[in-house]
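**Student:** predicted coordinates and the sequence they were generated for:
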Amino acid sequence: VDMGSEAARKVADSAEKKLPVLYGRTGGKEALAVLKTVGGSLLSLITFTLLVGALVFNSMSVSLASLAGLGAGIWLIGNGSQTMGRLKRFKIYRKALGEKTHCALETLAKNTGKTVRFVRREVQKMIGEGLFIQGHMDHEQTLLITSDETYQKYEQGRKALEERQRQAASDFGRGVTGIT
């Protein structure tokens, strides 16, 4: 065993333990999305076949049940496909972030070909789902911030700017210009 590579691995392992976890796992969500899509396809196929058979044999009770099953199957397909698309874009967002803990929504929109409005709503949903574990949006809703530490720094800076602006407005109202 190469002692140099072993030492490097230990340093890397300890560094990983100190870093906060910023992103949720997607494996289970991906598996569920595939299961919904495949299951919905099978359900739709079976109930469509039953529906056609019910129409041929003029059986109202089977056709109503088949319509309900067909509707459920179509919903499962749509929901599974939608989830797979969202998870694919989540990976694109992570790639766009790279090592950074913040990114403009406009950049994310350009990387996915979606509108900023769409990305804003989707990122908020991803934060709610726990995909961005420490995720926050800035005050103007134009920036994704993926760590609590970065968000705290952002908030401190924003509050300091607001205070300076209040002070400047107050000084201006009293006739203080700062010009000597």
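**Tutor:** It's in. Residues are numbered from 1 along each chain as shown.
**Student:** got a list of what the spatially most central residue of the chain touches?
**Tutor:** Nearest to the mean C-alpha position of the chain, counting by Cα atoms, centre = their mean, stands residue 126 at 2.9 Å. Residues near residue 126 by Cβ atoms under 8 Å, 6 or more residues apart in numbering: 86, 90, 93, 132, 135. For every residue, glycine as well, the C-beta is placed using N, CA and C.
**Student:** tell me the spacing between residue 106 and residue 131.
**Tutor:** 20 Å (Cβ to Cβ, to the nearest Å).
**Student:** of those two, which one has the most company?
**Tutor:** residue 131 (22 against 13; other Cβ atoms under 10 Å).
**Student:** doesn't residue 22 make contact with the more buried one?
**Tutor:** No - assessed by Cβ atoms under 8 Å, residue 131 is found out of contact with residue 22, at 9.9 Å.
**Student:** before we move on, the earlier item: of the contacts of residue 126, select the buried ones using a PyMOL command.
**Tutor:** Per 16 or more other Cβ atoms under 10 Å, the buried members of the contacts of residue 126 correspond to this PyMOL selection:
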select buried, resi 86+90+93+132+135
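**Student:** quick check: which element contains residue 82?
**Tutor:** Using DSSP states H and E, residue 82 sits in helix 60-97.
**Student:** run through the neighbouring helices and strands of that helix.
**Tutor:** Contacts defined by 3 or more Cβ pairs under 8 Å, 6 or more residues apart in numbering; DSSP states H and E place helix 60-97 against helix 27-57, strand 102-104, helix 105-112, helix 116-129.
**Student:** and that helix, how far out from the chain middle?
**Tutor:** A distance of 17 Å separates the centroid of the chain from that of helix 60-97, by Cα atoms, centre = their mean, to the nearest Å.
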